[in-house]
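J.: coords below, sequence missing:
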């Protein structure tokens, strides 16, 4: 990778007078719409990057200011040290034009976790420690990873679900677990062997007992965890049969002993300071497949940001050793400088193609499928905004399908102070953020399903190089098509679920759609009931299906269960409240807008409080529902 913002990791770095902001050398106020603080400034670590890109990179990473720590060096400082330097330290004058919440979120993004969370979430400090640690049983009996299996169907069979449609109305809260110092419940849990494995934005991974919520162990990664852990067998580690694999907000991959949480190995998926692992790792046949995303486009259109040097990828590792086997880039070609602006900032290309979803494994074709994001620099290659298929053993491209053409997008291009990197036509920002779903239809034909932000559902033939079988509007009506972007009929962002005959997709404001998977015909749409004097919430989270029932979360915090054949409401629970937790942590729920419910052995698990979207409310709680 090229560019001054791309340096290797270092250890602790002492802040000094050289830690300065672009704000200290330019005096114009922060522009409207860019990280202003107040009610529209989102909780969680994500939102601080726009402030850093617009206010800081004029010095940090600029070749003419070699004394200023690079973004990568700052990233390896603690949140508290970064924040304190802006409030009362060497950066106080330089950061005077930032609100306090901007300073906090900037520090949290660069440090990778909420303020005060470092060292303050360990299981050893909790009152609900499990009194014994029984031997690990075969993990095939639960819900492993994002989609519950290799095909990402988000469907739980009757024997594994342990829950029938008749029992769903009797669901009630069994226990609640609070994430210490958590602000947004990012990660969907994995439930196998009677244990729950879940990460948090506080930088910890927890192992809990599925029945009681008692805690077996915790492991501190040091950065936000937004993805579902994956579990699989490993060799070469004495006494260890299975490992838990998880990635964090600094792009680090961890393999942990499933029984004890002991670190087995750690690897860096990508050294870029905006590289993130936001989606679940997938385990298959002794390998793990790691999706790498990027936050670079947040405000990369700032004239002071050296756009763009980050590219999305999927990386394959030996699950037992952590040795990298291959890395498949979405955007081909290493970034190279192409122009230096009058302000001295050099711009680079190509960039983009973040992978925001968990890969899908096809053993029949020996293939890995994954959705891809938009380009940040023109031209947009045919591998962006679509589905890529790569070889399991080599990572070589087998085929690709592009759902939206010519999509080059970056934030920060709306004002007068914009970079030469800003595209002539910005957007439409049509990433395929949902995992492809591999299913077999009643007649034996296999299909690969995916959705667009414009609300289109498309079906591809995995046995014929991804040939398009159909493309429809998931809410009914014609599709927007590959030249369109977003429409007013709803948006598919986080994914879907399938059973034997139907696909189920949350469409945001468009509701939850039940669709015939063979034809693409919409059979029903469920919309959230509106409270008196208001309107129902957005249903954009990934649904989860069992035989006869679909579970869907809402931006208001409601968790719904609807009839799979008719779309009629069966059960609901309001998670947007305060909860007494088994670990004694003050906890509350909020929006359910990304990961969905996980169902295993008669218990429904859901994290509540994902707030990295407009108007959503944060939270820090994992809830478990049962009928006993």
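T.: Noted; the coordinates are in hand. If you're wondering where the values come from, they're calculated on a predicted model, not measured in any experiment.

J.: which secondary structure elements does the host helix or strand of residue 73 contact?
T.: Using DSSP states H and E, residue 73 sits in helix 71-75. On a contact count with 3 or more CB pairs under 8 Å, 6 or more residues apart in numbering; DSSP states H and E, helix 71-75 meets helix 100-111. C-beta: built from backbone N, CA, C; applies to glycine.

J.: Which parts of the stretch 401-550 of the chain are strands?
T.: 437-440, 446-451, 456-461, 467-473, 496-498, 502-506, 512-516, 522-526, 544-546, 549-553 (DSSP state E, counting those that start in this stretch).

J.: Which one of those strands lies nearest to residue 66?
T.: Residue 66 lies closest, by CB to CB, to one member of the strands of the stretch 401-550 of the chain: strand 446-451, at 45.3 Å.

J.: May I have the strands that pair with that closest one, each with its orientation?
T.: Applying DSSP bridges, strand 446-451 is found paired with strand 437-440 (antiparallel), strand 456-461 (antiparallel).

J.: Among those, which comes closest to residue 54?
T.: The closest of the strands paired with strand 446-451 to residue 54 is strand 456-461. By CB to CB, the value is 33.2 Å.

J.: which residues are in contact with that closest one?
T.: By CB atoms under 8 Å, 6 or more residues apart in numbering, the surrounding residues in contact with strand 456-461 are 387, 401, 403, 445-452, 466-474, 479-481, 492, 496, 503, 505, 515, 517, 520.

J.: again, but for stretch 127-142
T.: Outside stretch 127-142, the residues within contact range by CB under 8 Å, 6+ apart are 123, 160, 190-194, 209, 212-216, 231-232, 241-242, 258-260, 582-584, 600-601.

J.: how does it look with 7 Å?
T.: Contact with stretch 127-142 is made by 123, 160, 191-194, 209, 213-216, 231, 241-242, 258-259, 582-584, 600, as judged by CB atoms under 7 Å, 6 or more residues apart in numbering.

J.: Of these, keep whichever come out buried.
T.: Applying 16 or more other CB atoms under 10 Å to the contacts of stretch 127-142, the neighbour count classes 123, 160, 191-194, 209, 213-216, 231, 242, 258-259, 582-583, 600 as buried.

J.: which residues sit in contact with the residue nearest the centre of the chain?
T.: Of all residues in the chain, the one closest to the mean position by CA atoms, centre = their mean is residue 278, 3.4 Å from it. Taking CB under 7 Å, 6+ apart as the contact definition, residue 278 lies against 226-227, 293, 356.

J.: Columns distance to residue 392 and pLDDT on top of those residues, output as a markdown table?
T.: Converted to a markdown table, these look like this (distance: CB to CB, whole Å; pLDDT from 0 to 100):
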| residue | distance to residue 392 | pLDDT |
| --- | --- | --- |
| 226 | 25 | 92 |
| 227 | 20 | 93 |
| 293 | 21 | 96 |
| 356 | 21 | 97 |
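
J.: Now neighbour count, secondary structure and distance to residue 527 too, for those, in CSV please.
T.: Below are these laid out as CSV (neighbours: other CB atoms under 10 Å; DSSP: H, G, I helix; E, B strand; the rest coil; distance: CB to CB, whole Å):
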residue, neighbour count, secondary structure, distance to residue 527
226, 30, coil, 28
227, 29, coil, 29
293, 27, strand, 30
356, 24, coil, 26
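
J.: picking up where we left off before, against residue 240, how distant is the residue nearest to the centre of the chain?
T.: Residue 278 is 27 Å from residue 240, where distance means CB to CB, to the nearest Å.

J.: So the residue nearest to the centre of the chain lies in a strand, does it not?
T.: No - Residue 278 is assigned coil when assessed by DSSP: H, G, I helix; E, B strand; the rest coil, not a strand.

J.: Dihedrals phi and psi, it?
T.: Main-chain torsions, residue 278, degrees, to the nearest 10: phi -110, psi -10.

J.: what pLDDT does it get?
T.: For residue 278, the model assigns a pLDDT of 95.

J.: before we move on, what about the one 3 residues further on?
T.: The predicted structure scores residue 281 at 98 on the pLDDT scale.

J.: ditto for residue 138
T.: As predicted, residue 138 sits at a pLDDT of 88.

J.: ok so, going back, between the strands of the stretch 401-550 of the chain, which one is nearest to residue 116?
T.: strand 549-553 (27.7 Å).

J.: Direction included, what does that closest one pair up with?
T.: Paired neighbours of strand 549-553 in the sheet (DSSP bridges): strand 544-546 (antiparallel), strand 558-563 (antiparallel).

J.: Which of those strands has the highest mean neighbour count?
T.: strand 544-546 (a mean of 27; mean count of other CB atoms under 10 Å).

J.: Domains in the protein, by residue range?
T.: For the chain, the domain assignment from automatic domain parsing gives the residue ranges 22-111, 123-626.

J.: circling back to that earlier point, could you dump the strands paired with strand 446-451 into a markdown table with mean neighbour count added?
T.: Below are these laid out as a markdown table (neighbours: other CB atoms under 10 Å):
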| stretch | mean neighbour count |
| --- | --- |
| strand 437-440 | 21 |
| strand 456-461 | 24 |
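
J.: can you map out the helices along the stretch 151-300 of the chain?
T.: Secondary structure of the stretch 151-300 of the chain (DSSP state H, counting those that start in this stretch): helices located at 158-161.

J.: cool, the stretch 1-150 of the chain as well?
T.: For the stretch 1-150 of the chain, the helices defined by DSSP H, counting those that start in this stretch cover 48-55, 71-75, 79-87, 100-111.

J.: which among the contacts of strand 456-461 end up buried?
T.: Among these, the ones that count as buried (16+ other CB under 10 Å) are 387, 401, 403, 446-452, 466, 469, 471-474, 479-480, 492, 496, 503, 505, 515, 517, 520.

J.: which residues of the chain score low on pLDDT?
T.: The model of the chain has pLDDT under 70 over residues 1-47, 58, 485-488, 533, 612-616.

J.: Deepest in the core, which of the helices of the stretch 1-150 of the chain is it.
T.: helix 48-55 (a mean of 28).

J.: For it, name the packing helices and strands.
T.: In terms of contacts (3 or more CB pairs under 7 Å, 6 or more residues apart in numbering; DSSP states H and E), helix 48-55 is packed against helix 100-111.

J.: Which residues belonging to stretch 129-137 are considered buried?
T.: Buried residues in stretch 129-137, counting neighbours by 16+ other CB under 10 Å, are found at 130, 136.

J.: Could you tell me how far that stretch lies from the centre of the chain?
T.: Here stretch 129-137 shows a centroid-to-chain-centroid distance of 30 Å under the convention CA atoms, centre = their mean, to the nearest Å.

J.: got the end-to-end distance for that stretch?
T.: By CA to CA, to the nearest Å, the extent of stretch 129-137 from end to end equals 20 Å.

J.: repeat for stretch 245-257
T.: 9 Å.

J.: do stretch 420-434 as well
T.: 31 Å.

J.: what about the residue of the chain most remote from its centre, which helix or strand?
T.: Most distant residue from the mean C-alpha position of the chain: residue 342, 36.6 Å away (CA atoms, centre = their mean). Counting by DSSP H and E, no helix or strand carries residue 342.

J.: Residue 270 contacts residue 251, correct?
T.: Yes - with contact defined as CB atoms under 7 Å, residue 270 reaches residue 251; the gap is 4.8 Å.

J.: what is in contact with those two at once?
T.: Residues touching both residue 270 and residue 251 (CB under 7 Å, 6+ apart): residue 292.

J.: So which of the strands paired with strand 549-553 is nearest residue 588?
T.: strand 558-563 (14.7 Å).

J.: ok now that closest one, how far from the chain's centre?
T.: The answer for strand 558-563 is 23 Å, by CA atoms, centre = their mean.

J.: Same check on stretch 419-430?
T.: When distances are taken as CA atoms, centre = their mean, stretch 419-430 is centred 23 Å away from the chain's centroid.

J.: Check stretch 70-84 too.
T.: The answer for stretch 70-84 is 23 Å, by CA atoms, centre = their mean.
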